[in-house]
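Sequence and predicted model, in that order:
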Amino acid sequence: MKVTKEEKALYRFLSMISNILKNDNGEGILFVEKGLVYFITWYIAGYVDIKQNEKLVYEFMQDELYSITRTLKQDFVLEKINEENLKENKKEENRMMKARIKNAVVKGRYMCRIDREETCVISKISNETNKFIKDSYLGLMKNLKESDVYENDHFITLEHEERIEKENTFVKTVIALFCEKTKETEFNQNKMEV
């Protein structure tokens, strides 16, 4: 399946996640389940839900694993991966990751909202959730301003919703960022005695 710039919502999502998958040394998967496009690496997970006229746009796509490549014209090509041809350890890794995504994208407890004009995204979320957030997440967070932030056990989840009126399209993007360590459990240098 070819995805061009005309398919704005999916194209934007694929642009965002292709960089994540590339930076994670291929240790991630992209798959479709019930018309939603998911991805997961060991530290970042998410999905996009695109509805037009209240119907899932990508409902026709088969529930499969997909590879993602970019053409010279900067279009994306999604191709089904034949899981039978994968090595057994890769199959097991994919199963583990798919099971893990369900826990990652659970909303959890509402913490705050990131507005468009927010300048200190990481510090705001870190202060609200009391979790350390990797600096490497900043680029991704900048793409998801105007998002609600939720916290569950090990993840910070950003949920971004937008409506494209001209196309009568509703897009919900959910990204979960692994942030296991909390500030309370970390060694605090301010308390160190001289």
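Alright, I've got the coordinates.

Do a quick rundown of the helices in this protein.
Along the chain, the stretches classed as helices by DSSP state H are 8-23, 88-104, 121-129, 138-143.

Can you name every helix or strand that the lowest-mean-pLDDT helix or strand in the chain contacts?
Least confident helix or strand, the chain: helix 88-104 with a mean of 73, by mean pLDDT, DSSP states H and E. Under the contact definition 3 or more Cβ pairs under 8 Å, 6 or more residues apart in numbering; DSSP states H and E, helix 88-104 sits against strand 29-33, strand 36-40, strand 44-52, strand 155-164, strand 169-178. Any C-beta I mention is one placed from the backbone N, CA and C, and that applies to glycine too.

and that helix, which residues are buried?
Within helix 88-104, the residues that qualify as buried are 94, 97, 100, 101, 104, counting by 16 or more other Cβ atoms under 10 Å.

list the contacts for the last one?
Just to be clear, that refers to residue 104. Contacts for residue 104 (Cβ atoms under 8 Å, 6 or more residues apart in numbering) come out as 40, 45, 154, 155, 157, 176, 178.

Give the residue spans of the protein that score low on pLDDT.
The chain contains residues with pLDDT under 70 at 23-27, 85, 87-89, 91, 180-194.

ok, 50 please
187-194 (pLDDT under 50).

Now residue 21. Nearest residue, chain neighbours left out?
Counting by Cβ to Cβ, 6 or more residues apart in numbering, residue 21 lies nearest to residue 28, which is 4.6 Å off, once chain neighbours are set aside.
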